[in-house]
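**Q** Below: sequence and its predicted model.
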Amino acid sequence: MVEATKTAVPPSTVKPETPTAPPTGVLLKPLTLTVPSSISAGVSRVLSASLPLPKGMTLANTQDLTQPFFHGCIYGETSMWKTSLAARFGKPEETLIVLTRRPEQLLPVRELGIPYVQAKDASMLNFGLLYPERLWEEARKTRPSLGELKNLVLDDATEAVSQLLEENSVIDGKEVRDQRRSYTAAGKDLRELLKVTLRKPMNVVLVALAKVRENPITNEETIAPDLPPSMLSMLLTEVEYAFYIKPGTHELLTDRDFIVFKDTDDAGKERTVRRVIFAKNKLPLGVTMGALLKYEPPDLGAVWRKIQAAKPAVPAVKK
């Protein structure tokens with residue numbers, strides 16, 4: 001028997017196998033990676049299923065949201081009918097005004113016979129906004145014909161903030177040297193006031209002066225309610241509507257507007273200025289375009305009724 005002899009082949013002479021290309025027109029299937037589920041995620045699901053919801057937390061559906069009450073701010077320059085527009089929002093016998101300025105401010109609506117209280121300082125302001133129902137009971141003692149309190153007007157928010165700042169100029173019996181502490185404390189007070197007031201079952205109308213803020217670097221001006229920036233942001237976040245009263249026509253601007261005009265700087269050089277006028281509304285998504293004009297006639301109550309009557313252009317999604 002002849003024994004076969006095996007010859008060793010040097011590694012350098014071994015040719016690697018050439019991968020075979022797939023046939024033309026054949027698509028390769030992508031690789032699917034199987035990622036094992038996280039043990040911690042599984043444990044979390046088991047635990048969360050047995051956890052009770054925190055007290056006061058409930059689930060809701062956006063389709064159940066309604067706007068039964070108006071929460072808004074109207075603002076403008078002096079002599080722009082701010083008080084008149086706010087006071088005429090609803091019926092006089094269902095309206096209470098918390099006034100932060102002199103009573104003469106209400107002369108334009110004297111014939112309406114609207115009950116009001118003058119808040120001369122921050123403590124009176126707090127009582128007027130937190131307990132308007134108590135003031136209404138007092139008013140009905142001399143005027144039994146008054147109806148249910150449905151409309152609360154603050155005239156005006158600009159002076160109200162000044163009162164809160166003055167109240168917080170002394171903290172813990174010591175005069176505050178750093179004004180930032182006073183602004184922080186006053187902002188906290190305003191936030192708490194708004195939280196309570198806006199939860200009441202009534203319409204709330206805030207009146208404010210307008211202020212022009214300039215940015216010389218970008219040549220841009222912004223018109224907004226005259227409030228400290230931090231308080232302004234907070235107030236305009238809390239309310240659903242903010243309308244600017246247009247000079248001349250007294251129309252209500254219901255959405256942001258822009259104006260571009262020519263002006264000269266301090267050196268007499270011509271410049272182009274862009275002016276932004278702040279206004280906002282919270283019309284539901286899908287409401288027919290044109291349901292609210294950009295500039296509405298000077299009747300705040302009519303604008304609110306128009307908002308309430310607006311219907312979605314697209315049917316709601318089934319629950």
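**A** Sure thing, it's come through. Numbers count the residues shown, from 1 in each chain.

**Q** what bits of the stretch 151-300 of the chain have low per-residue confidence?
**A** Low-confidence regions of the stretch 151-300 of the chain, defined by pLDDT under 70, span residues 285-290.

**Q** all strands for it, in order.
**A** For the stretch 151-300 of the chain, the strands defined by DSSP state E, counting those that start in this stretch occupy 151-155, 170-171, 174-175, 203-215, 220-225, 241-245, 252-253, 257-264, 270-277, 295-296.

**Q** Turn these into JSON lines, columns for mean neighbour count.
**A** Bear in mind the C-beta positions are built from the backbone N, C-alpha and C, glycine included. Formatted as JSON lines, these follow (neighbours: other C-beta atoms under 10 Å):
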{"stretch": "strand 151-155", "mean neighbour count": "25"}
{"stretch": "strand 170-171", "mean neighbour count": "12"}
{"stretch": "strand 174-175", "mean neighbour count": "8"}
{"stretch": "strand 203-215", "mean neighbour count": "19"}
{"stretch": "strand 220-225", "mean neighbour count": "19"}
{"stretch": "strand 241-245", "mean neighbour count": "25"}
{"stretch": "strand 252-253", "mean neighbour count": "24"}
{"stretch": "strand 257-264", "mean neighbour count": "11"}
{"stretch": "strand 270-277", "mean neighbour count": "14"}
{"stretch": "strand 295-296", "mean neighbour count": "16"}
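
**Q** mind giving me TSV with those strands and columns for distance to Pro68?
**A** What follows is these, written out as TSV (distance: least, C-beta to C-beta, whole Å):
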stretch	distance to Pro68
strand 151-155	13
strand 170-171	38
strand 174-175	45
strand 203-215	9
strand 220-225	25
strand 241-245	14
strand 252-253	21
strand 257-264	29
strand 270-277	29
strand 295-296	21
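
**Q** can you tell which of those strands is closest to Gln308?
**A** Among those, the nearest to Gln308 by C-beta to C-beta is strand 203-215 (11.3 Å).

**Q** got the contact list for the closest one?
**A** Contacts to strand 203-215, defined as C-beta atoms under 8 Å, 6 or more residues apart in numbering, come from residues 69-78, 82-83, 86, 89-90, 150-158, 197-198, 220-227, 235, 239, 244, 300, 304.

**Q** Send over that strand as PDB, restricted to the C-alpha atoms.
**A** Taking C-alpha atoms only, strand 203-215 is exported to PDB below (Å, rounded to 0.1, in the frame of the first residue of the first chain):
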ATOM      1  CA  ASN A 203     -64.800  87.300  33.400                       C
ATOM      2  CA  VAL A 204     -61.600  89.200  34.300                       C
ATOM      3  CA  VAL A 205     -60.500  92.200  32.300                       C
ATOM      4  CA  LEU A 206     -57.100  93.800  33.100                       C
ATOM      5  CA  VAL A 207     -56.400  97.400  31.900                       C
ATOM      6  CA  ALA A 208     -52.900  98.700  31.400                       C
ATOM      7  CA  LEU A 209     -51.000 101.500  29.800                       C
ATOM      8  CA  ALA A 210     -48.800 101.000  26.700                       C
ATOM      9  CA  LYS A 211     -45.100 101.400  26.600                       C
ATOM     10  CA  VAL A 212     -42.700 101.600  23.700                       C
ATOM     11  CA  ARG A 213     -39.400  99.700  24.200                       C
ATOM     12  CA  GLU A 214     -36.600 100.500  21.800                       C
ATOM     13  CA  ASN A 215     -33.600  98.500  20.600                       C
END
